Structures are given as C-alpha cells and as structure tokens.
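Student: Can you look at this prediction? I've put the sequence above it.
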Amino acid sequence: MAILYVIGGVVVEGLVFGNMTVSESASPKVARKTILGAGPRHEKIGQGEERLSLSCKLAPEEFGGLGSTASLYEAAVNATPVYVTRADGAVLGWYLVNNTSLTHRHLSRSGTGHLADFTLELERTESPSVGSIISSLVNIFKGLLS
C-alpha cells in the first residue's frame, strides 16, 4: 500500500483512500492602499492563508478508513493542530482541520455505506505548544504502527 500523506496520526494510504484529489491554495494578507491619481498599492501585513483540501472515496467494508475519518473529525471539533507530511518527504507543517465531510452511499446493514465520499479541509497554522507537539507525535507513531 502506498502512503500518500500523514496527517496527525492518520496515515493516508492509496488503497484505503481511493480516487484522491488534492488541492493547495494560498492567498496573501495585504492592506489595500489607494493613492490619489495612481493605482492601488498593496502592503503585506502578515502571513497569508494557506489551505490544503483532500477529497477521496472510501469503501469502508472492504478497506476500512472510518477510524481515520473519526480521528480527523475529532481534530476538527477540538481545534487540535495536526502535523502534515507528504509521501515524497515534504514537510507541509502544522494545519488546523477546518472541516471534514463524510457522505455514505449504498448503505449496508451496519448503517455504513459501501461507498463513502470524504472531504478534508485544512488551514495552515502556527506551531502549537510543546505538549501538543509531543501528543501529536505519539499519535503519528500509533498510526504508523497500527
């Protein structure tokens, strides 16, 4: 199984999280200053927003993945920053889970879908406290070992 991303303690594998789409976006944080008789000037006033979105399809009964989505849901509800890395070794840094969405289709007798659409929206944030970092690292290692 190919590991595509590690988000917090969640290992995103190609087999489990199929048909994945990833989008990255960034926008500046600027103040617009109008000058009489000239075009507007833009002055940088801080770090801009960086967003990362992932959407994929799950087949929970065949490959699992619902535990991973629940973990990311908890990170969103608790506003817990997660550390994100990509399979090529790129360290993307700390992100806040802004939104998770899970839509089940073709429900089985257990109430879960044979297919599910999962969307995750992340926003770059500053590094958390040392205690939060240690907790996140423990979760990452638990995810890698399970």
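Tutor: That came in fine, so what should we check first?

Student: which residues touch Arg86?
Tutor: Contacts for Arg86 (C-beta atoms under 8 Å, 6 or more residues apart in numbering) come out as 4-5, 92. The C-beta positions use only the backbone N, C-alpha and C, and glycine is treated the same way.

Student: okay, the residues you listed in a markdown table with distance to Gly64 next?
Tutor: Below are these laid out as a markdown table (distance: C-beta to C-beta, whole Å):
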| residue | distance to Gly64 |
| --- | --- |
| Leu4 | 15 |
| Tyr5 | 16 |
| Leu92 | 24 |
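
Student: Buried subset of those as a PyMOL selection?
Tutor: A single PyMOL command selects the buried members of the contacts of Arg86 (16 or more other C-beta atoms under 10 Å):
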select buried, resi 4+5+92
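
Student: which one of the contacts of Arg86 sits closest to Val16?
Tutor: Out of the contacts of Arg86, the one with the shortest distance to Val16 is Leu4. That distance is 9.8 Å, counting by C-beta to C-beta.

Student: where does the protein have low pLDDT?
Tutor: Counting by pLDDT under 70, the ranges of the chain that qualify are 1, 132-133, 136, 139-141, 143-146.

Student: could you redo the last one with a cut-off of 90?
Tutor: The model of the chain has pLDDT under 90 over residues 1-3, 8-20, 27-49, 58-71, 74-75, 78-80, 87, 89, 104-116, 126-146.
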